[in-house]
Structures are given as structure tokens and as C-alpha cells.
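Chemist: Build me a structure from this.
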Amino acid sequence: TLSSSSAASDVYKRQLQKRPVITKSVTSGVIYCLGDILGQKIEQYKAATANTKYDDIDEVIVPQYDIGRTIKFGIFGLLINAPLIHYWYKFLDWLLQNVKGAKLVWIQLFLDEIIFGPIYLVIYYYVMGIMNGTLKNVPKKIKRELIPTAIESLKVWVPVQYINFKLVPPHLRVLFGNLVALGWNAYFSIISNKNK
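Modeler: As a prediction, this is how the structure comes out:
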């Protein structure tokens, strides 16, 4: 009901004030898990529909749901993503405290997407490489995937972050990004788990 969602929103806002990093981290962990689950469901659907196109296949090969992958993705959201983004936004606010107006949004956007974006992706690849036991493959994976992933990231995150920096109150920016990230995380989960 409307009153229960309003009450949940009030509780969330209070927790943001009392424990901002923990609240953002838990939210991010949950959303990262949901993004990976969605990504795996998409992979399963694609595999099932691709395999059913051929009459001579006796058995449809659909990848099994990998709970370990979801847990790792959730751990990244919980322990890395939210704290990193929280403190990045704090740093931007501090760095640009004397910049105002439209110029502020454009500088934030530039720094976020051109400087921080690729650094974030590299951190993601290394952390997941550690969790997957594939750390030695990370440099090759970065060489192969960083530029195409960064380009796809720009297509999604430039408009999102423009809205985020322009319209969203600072204490809700991580939440806004996390909500949009549900779809991005599904996509990123799929591409980042190819050829671990």
C-alpha cells in the first residue's frame, strides 16, 4: 500500500542519515544480486531459445543458475561499489565546492565518466578476478574488454549521471545510480562472466 511504501521510504531516509555508507552498501549489495540474477535469467532464456531452433538437438542445453556468481556480484556491490561511489561523490563535492551552475554538472560528468569510469571498471575486473580465482587472466580480460565496456558504459551512464548530478539530492545519488544499475548490472554480469 501507499502508506507502507511511504513508511519504508521514511525508514530508508533515516538510515541514510544515521548510517549512510552501511545503508548504501546493503542497498547496493541487494541490487547487484538482483542484477546478476536477471543477467543469468537472460543467459538461460537466450540459451533455451537458441537451442530450440534446431530440430536435431535431442536435449536443450541451458546453463544452470550459479548462486556463487550472484553472491560474488552481491559482495562486490556491498563491499566495493557503494563505499567507493559514496566517497567518490564526497570527493567530487569537496573538489568542486566553489563551482556552481551548469558548469558544475558538466565538470562532475566529465570527471565521473572519463576519469572514474575506467578506474571503476579496472577495480571491478581485479576484484572479480580475485573472487573467481582468475587473477592471472585479468590483464588480458582488461585488454580485451575495457574499451568496448567503457563505450557501452558511456552510452548508459552519461545521461543517467547528468540527471543524477543535476536533479538528485546528494544523499540519494548512490541509490538513484543503483536503481538504474539494475539493468546495467544484468548486462555487465553477462559480459564480465564470458571467458572468466
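Chemist: okay but Y124 is in contact with F76, surely?
Modeler: Yes - between Y124 and F76 there is a contact under C-beta atoms under 8 Å: 6.8 Å. Every residue, glycine included, has its C-beta placed from N, CA and C.
Chemist: who has more neighbours, these two?
Modeler: Ranked by neighbour count (other C-beta atoms under 10 Å), Y124 and F76 place F76 first, with 23 against 19.
Chemist: Give me the longest helix you can find in the protein.
Modeler: helix 20-51 (DSSP state H).
Chemist: which helices and strands does it pack with?
Modeler: The contact analysis (3 or more C-beta pairs under 8 Å, 6 or more residues apart in numbering; DSSP states H and E) places helix 20-51 against helix 2-18, helix 67-75, helix 82-95, helix 173-192.
Chemist: could you check the angle helix 82-95 makes with that helix?
Modeler: 120 degrees (axes from the mean of the first three to the mean of the last three C-alpha atoms, to 10 degrees).
Chemist: Next, the buried residues of helix 20-51.
Modeler: 23-25, 27-29, 31-40, 43 (16 or more other C-beta atoms under 10 Å).
Chemist: same check, this time on stretch 94-104
Modeler: L96, L104.
Chemist: Ok, stretch 167-175 next?
Modeler: So for stretch 167-175, counting by 16+ other C-beta under 10 Å, buried means V168, L172, R173, V174, L175.
Chemist: What are the contacting residues of that stretch?
Modeler: By C-beta atoms under 8 Å, 6 or more residues apart in numbering, the residues outside stretch 167-175 that reach it are 16-17, 20, 24, 27-28, 82, 85-86, 89, 93, 164-165, 176.
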